[in-house]
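In: here's my sequence, what's the structure:
(one chain, ligands or ions: 2)
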Amino acid sequence: MATVLKLPIVDLSSPDRLSSAASIRQACIEYGFFYLVNHGVKEELLARVFEESRKFFSLPLEEKMKLARKEHRGYTPLYAETLDPSSNSEGDSKESYYVGPLEYSSHQKNLNQWPPEDMMPSWKSTMESYHREVESVGRKLLSLIALSLNLENDFFEEIGALNKPSSFLRLLHYPGEVMISKEEIYGASAHSDYGMVTLLATDGVPGLQVCRDKDKHQRCWEDVPHISGAFIVNIGDMMERWTNCLFRSTLHRVMPAGQERFSMAFFLDPNEDCVVECLKSCCSDSFPPRFPPIRSGEYLKERLRLTYGV
Ligand SMILES: O=C(O)CCC(=O)C(=O)O
Ligand SMILES: [Fe+2]
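Out: Numbers count the residues shown, from 1 in each chain. Ligands and ions are numbered 1, 2, ... in the order given. Model prediction:
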């Protein structure tokens, strides 16, 4: 039995920003994960997104495959992806759907794919509202993260990370029954997220686990329980690089729970031209930068290539 992790809870609406920033710092150093409450996204909108997601995933496979993932937007079927490329697993027991950034100029085509309106009339508007709202929560959160690193509130805006960020909403569906297999089947195999921060909404069905020490030979997995209405926030690899590993991009996975499970992950990643390089406050002569500077877009492309092989 995995132990249950008691993660810190951060209140986004608290007027005491310095104290929130201090909790975030502690949480990101210790766990790379925390809960975010009073974030302003209404329960009613969250419930609608879960409902629309359930409707989409219950369509016949043939319909879903008409929206198969292109340019990292659209549908990925069951067992088509292995988040842990080193595992011999048959692929993860999940299906997913990506909605990419919404902004586009009039002469640039938006690459998002949407289910036909006659089949799912309120799908697009619901996903767009949710995408917008969570992105705005993410911006507020990043100003607290900047404070937690002793930077100016608007640091991530100033360096261009939040100017047309690479923000991807990923709807996830883990079926209750998994394929019979010789290998171990995961809902989502062990991975860390690639970007700045992820804001995850879960439906109350258990399964999410984290491993705080990825270098330990025998990995120890701890359960992350659902808290109603809270986002589970985690730090991604690019934030880990910015902070020279002060903030941890923690390994996590989803175990099949014998019950159907839905979740929504929102990956808030920097603008593709933003250069991610060690923050001055996170290195010194005796603790030099561990990673060279990289362009966010190139880094993401390479990580996606390793996961999807494209
Ligand atoms: O479904 C979950 O709870 C986690 C999903 C996740 O870790 C991911 O999509 O990166
Ligand atoms: Fe993840």
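
In: so for residue 251, what's the pLDDT?
Out: What the model reports as pLDDT for residue 251 is 96.

In: where in the protein is pLDDT low?
Out: Across the chain, the ranges flagged by pLDDT under 70 are 1, 85, 88-89, 104-108, 182, 309-310.

In: get me the contact residues on it for ligand 1.
Out: 170, 172, 188, 193, 200, 202, 208, 252, 254, 263, 265 (CB under 6 Å from any ligand atom). C-beta: built from backbone N, CA, C; applies to glycine.

In: so residue 155 makes contact with residue 144?
Out: No - if you go by CB atoms under 8 Å, residue 155 and residue 144 don't touch, sitting 11.1 Å apart.

In: looking at those two, which has the bigger crowd around it?
Out: Neighbours were tallied for residue 155 and for residue 144 using other CB atoms under 10 Å; the higher tally belongs to residue 144 (22 against 19).

In: contacting residues for that one?
Out: Counting by CB atoms under 8 Å, 6 or more residues apart in numbering, residue 144 touches 10, 12, 17, 20-21, 24.

In: and it, what element?
Out: Using DSSP states H and E, the element containing residue 144 is helix 123-148.

In: the closest residue to ligand 1 within the stretch 151-300 of the chain and residue 16: what is the separation?
Out: In the stretch 151-300 of the chain, the residue that lies nearest ligand 1 is residue 263 (3.5 Å; CB to the nearest ligand atom). Per CB to CB, to the nearest Å, residue 263 is found 30 Å from residue 16.

In: who has more neighbours, those two?
Out: residue 263 (25 against 10).

In: and the helices in the stretch 151-300 of the chain?
Out: 155-158, 237-242, 296-308 (DSSP state H, counting those that start in this stretch).

In: just those helices: most buried one?
Out: helix 237-242 (a mean of 24; mean count of other CB atoms under 10 Å).

In: what sits up against it?
Out: Contacts for helix 237-242 (CB under 8 Å, 6+ apart): 28, 32, 145, 192-197, 247-249, 269-270, 276-279, 282, 290-291, 294, 296, 299, 303.

In: repeat that with 7 Å
Out: 192-197, 247-249, 269-270, 276, 278-279, 291, 296, 299 (CB atoms under 7 Å, 6 or more residues apart in numbering).

In: with stretch 116-131 instead?
Out: Residues contacting stretch 116-131 (CB under 7 Å, 6+ apart): 45, 48-49, 52, 55-56, 99, 102, 114-115, 169.

In: change it to 6 Å
Out: 48-49, 52, 99, 102, 114-115, 169 (CB atoms under 6 Å, 6 or more residues apart in numbering).

In: which of those residues are buried, as a PyMOL select command?
Out: To isolate the buried subset of those in PyMOL, counting by 16 or more other CB atoms under 10 Å, use the following:
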select buried, resi 48+49+52+99+114+115+169
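
In: how about the contacts of stretch 116-131 in JSON lines, adding secondary structure?
Out: Putting those into JSON lines (DSSP: H, G, I helix; E, B strand; the rest coil) gives the following:
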{"residue": "48", "secondary structure": "helix"}
{"residue": "49", "secondary structure": "helix"}
{"residue": "52", "secondary structure": "helix"}
{"residue": "99", "secondary structure": "strand"}
{"residue": "102", "secondary structure": "coil"}
{"residue": "114", "secondary structure": "coil"}
{"residue": "115", "secondary structure": "coil"}
{"residue": "169", "secondary structure": "strand"}
